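Q: Here is the input, now give the coordinates:
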Amino acid sequence: MEQISGDYIVRATAAEAQIRAFACTTRNLVEAAREAHNTSPVVTAALGRLLSAGAMMGSMLKGEKDLLTLQIKGDGPVGDITVTADGAGNVKGYAGVPDVILPANQAGKLDVAGAVGKGMLRVIKDMGLKEPYVGQTMLQTSEIAEDLTYYFATSEQTPSAVGLGVLMERNNTVRQAGGFIIQLMPFAEESVIGRLEKNLAHITSVTAMLDTVIHDGGSGPEQMLEQILDGLGCEVMESMPTVFACNCSKCKIEKVLISLGKKEIQDMIDDGQEIEVGCHFCNKKYIFSVEELKRLL
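A: Predicted coordinates:
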């Protein structure tokens, strides 16, 4: 299989298709999000975990135009976190309050649960039907990986193990990021489940695994799955690149302004100043002159 440079997602099966598995490395993707939104370390970790999950869950979509949205609505200082992904590995996202600073948690790690707080996880799948699929569960730990494990079990009735991680450098750039999603098929045998549980018990953290693998000259996702699915006959099916990518444009922002209505646009014109409109997802700024506003009116 051709090696992909940069961030990518791997899809695999094991135990004669009794297990399906996904793993990704997302350092560049999460660093791009950090740069776009100028996020603090704890927000980079929270947003990065959700971006990694979004990339893998997006790759599960079947249709070319299918879209996945993950929303965390917590009562913590970071506010809402939103991530959108498609089936081609494109993912984008933002946090409500990007510059939250919190002391480390009791384990000496970035306090993602403290930043997120208590609340809800929503998974929205727009698959071109009349209504999108919406699954909603209560946050269990607010560490994101465990919350998605709970979501898969309760909303999709799929026993799963989710691991997500973001490791920061001392200068607050991203050192490692990635994750895995392991899912049991309904016909999985007890011996397979037992072996998988034993393997997962030895996994300390995603970022520690990635750091070790990459330090030893590996690339990440495949080696992660080899460890997690050790003794279960892991077979990599395909890999695909994943990137932080936004499809916003001045044309799309124009449509948003038009949707505000004539009175709102006229008020902007009457102010006599150019206006700046930013995209939530990538923080790109678009400038509209008074003449352009008159054209929109």
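Q: Do I have it right that E31 meets N171?
A: No. With contact defined as Cβ atoms under 8 Å, E31 does not count as touching N171 (11.6 Å). To be clear about C-beta, it is placed using only N, CA and C from the backbone, and glycine gets the same treatment.
Q: give me the element the residue nearest to the spatial centre of the chain is part of.
A: When Cα atoms, centre = their mean is applied to the chain, the residue found nearest the centroid is L51 (1.7 Å). Taking DSSP states H and E as the definition, L51 sits inside helix 41-58.
Q: the bottom helix or strand of this structure by mean pLDDT?
A: Here the helix or strand of the chain ranked lowest by mean pLDDT, DSSP states H and E is helix 206-215, holding a mean of 76.
Q: on contacts alone, who are the packing partners of whichever helix or strand comes after it?
A: Under the assignment DSSP H and E, the closest C-terminal helix or strand after helix 206-215 is helix 221-228. Contacts defined by 3 or more Cβ pairs under 8 Å, 6 or more residues apart in numbering; DSSP states H and E place helix 221-228 against strand 8-14, strand 19-25, strand 174-184, helix 190-201, helix 206-215, strand 235-241.
Q: hey, where'd the helices end up in the stretch 1-150 of the chain?
A: Assigned helices in the stretch 1-150 of the chain, in chain order: 27-37, 41-58, 112-116, 145-155 (criterion: DSSP state H, counting those that start in this stretch).
Q: Report the rounded mean pLDDT for the second one.
A: For helix 41-58, mean pLDDT is 97.
Q: just the angle between it and strand 235-241, please?
A: Following axes from the mean of the first three to the mean of the last three Cα atoms, to 10 degrees, one obtains 120 degrees for the angle between helix 41-58 and strand 235-241.
Q: Export only the CA atoms of helix 41-58, formatted as PDB.
A: C-alpha atoms of helix 41-58 as PDB (Å, rounded to 0.1, in the frame of the first residue of the first chain):
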ATOM      1  CA  PRO A  41      -3.100  24.600  25.000                       C
ATOM      2  CA  VAL A  42      -6.200  23.100  26.800                       C
ATOM      3  CA  VAL A  43      -8.500  24.300  24.000                       C
ATOM      4  CA  THR A  44      -6.100  22.900  21.300                       C
ATOM      5  CA  ALA A  45      -6.300  19.600  23.100                       C
ATOM      6  CA  ALA A  46     -10.100  19.600  23.300                       C
ATOM      7  CA  LEU A  47     -10.600  20.800  19.700                       C
ATOM      8  CA  GLY A  48      -7.800  18.500  18.500                       C
ATOM      9  CA  ARG A  49      -9.400  15.400  20.000                       C
ATOM     10  CA  LEU A  50     -12.800  16.200  18.400                       C
ATOM     11  CA  LEU A  51     -11.200  17.000  15.100                       C
ATOM     12  CA  SER A  52      -9.400  13.600  15.100                       C
ATOM     13  CA  ALA A  53     -12.700  11.900  16.000                       C
ATOM     14  CA  GLY A  54     -14.500  13.800  13.200                       C
ATOM     15  CA  ALA A  55     -11.900  12.800  10.600                       C
ATOM     16  CA  MET A  56     -12.300   9.100  11.500                       C
ATOM     17  CA  MET A  57     -16.100   9.200  11.800                       C
ATOM     18  CA  GLY A  58     -16.300  11.200   8.500                       C
END
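Q: picking that back up, what's the closest of the helices of the stretch 1-150 of the chain to V91?
A: helix 41-58 (4.7 Å; Cβ to Cβ).
Q: so what's V134 closest to, chain neighbours aside?
A: Nearest-residue entry for V134: I124, 5.2 Å, with adjacent residues in sequence omitted and distances by Cβ to Cβ, 6 or more residues apart in numbering.
Q: what about the one you found, neighbour count?
A: By the criterion of other Cβ atoms under 10 Å, I124 has 16 neighbours.
Q: Output the helices and strands packed on helix 221-228 as JSON lines; include the columns distance to M120 and mean neighbour count.
A: Below are these laid out as JSON lines (distance: least, Cβ to Cβ, whole Å; neighbours: other Cβ atoms under 10 Å):
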{"stretch": "strand 8-14", "distance to M120": "26", "mean neighbour count": "23"}
{"stretch": "strand 19-25", "distance to M120": "24", "mean neighbour count": "26"}
{"stretch": "strand 174-184", "distance to M120": "20", "mean neighbour count": "25"}
{"stretch": "helix 190-201", "distance to M120": "26", "mean neighbour count": "14"}
{"stretch": "helix 206-215", "distance to M120": "24", "mean neighbour count": "19"}
{"stretch": "strand 235-241", "distance to M120": "30", "mean neighbour count": "15"}
